[in-house]
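1. my questions concern the predicted model and sequence given below.
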Amino acid sequence: MQIEDEIREKFDLFFKKKQKNMAHALGLEFIVVSRSEMRATMPVNENTTQPMGILHGGASVALAETLASVGGYLNLSDENKIVVGLEINANHVRPVTAGKKVTGISTPIHRGAQTQVWETRIENEDGKLVSISRCTLAVVNRRKA
């Protein structure tokens, strides 16, 4: 895994919590972790397919929002802030059958003080586009537990 040095500690703290999350459920494996690109693979298996045996559109959207949200969080310099999904849209253009894997590549379009916008391309093993989405994140105050 390639991790940008300046955010390594923040990423490790974020993912070494005992609590499982969507990334674990989807079987994500992070490849690139940086403030300018998030990249991870996801298996197409019983956890991510629909009844016809192809990648579920909701799993693609969950992959996209996970990459955007983690990338958005890693871009924050104020530890009292977090990002939350405000809106996401996706176009699914190619099916992927069970037994394969996909790669999500998420890059920021806008990193503002109140919102961030990220684009995510999901590609098959041949590098062909499977899904493309745009996710808007709200930058909000972290709530006290």
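-> Arrived safely, thanks for sending. Numbering: from 1, shown residues only.

2. same question for stretch 130-140, mean pLDDT?
-> For stretch 130-140, mean pLDDT rounds to 98.

3. how about it: buried residues?
-> For stretch 130-140, the neighbour count (16 or more other C-beta atoms under 10 Å) marks 130, 131, 132, 133, 134, 135, 136, 137, 139 as buried. Where you see a C-beta, it was placed from the backbone N, CA and C, and this is true even at glycine.

4. what is the neighbour count of the closest residue to residue 39 other than its chain neighbours?
-> Nearest non-adjacent residue to residue 39, counting by C-beta to C-beta, 6 or more residues apart in numbering: residue 32, 3.8 Å away. Residues within reach of residue 32, counting by other C-beta atoms under 10 Å, total 16.

5. and residue 32, which of the three is it?
-> When classified by DSSP: H, G, I helix; E, B strand; the rest coil, residue 32 comes out as strand.

6. for this structure, which helix extends over the most residues?
-> Longest among the helix segments of the chain by residue count, using DSSP state H, is helix 57-74.
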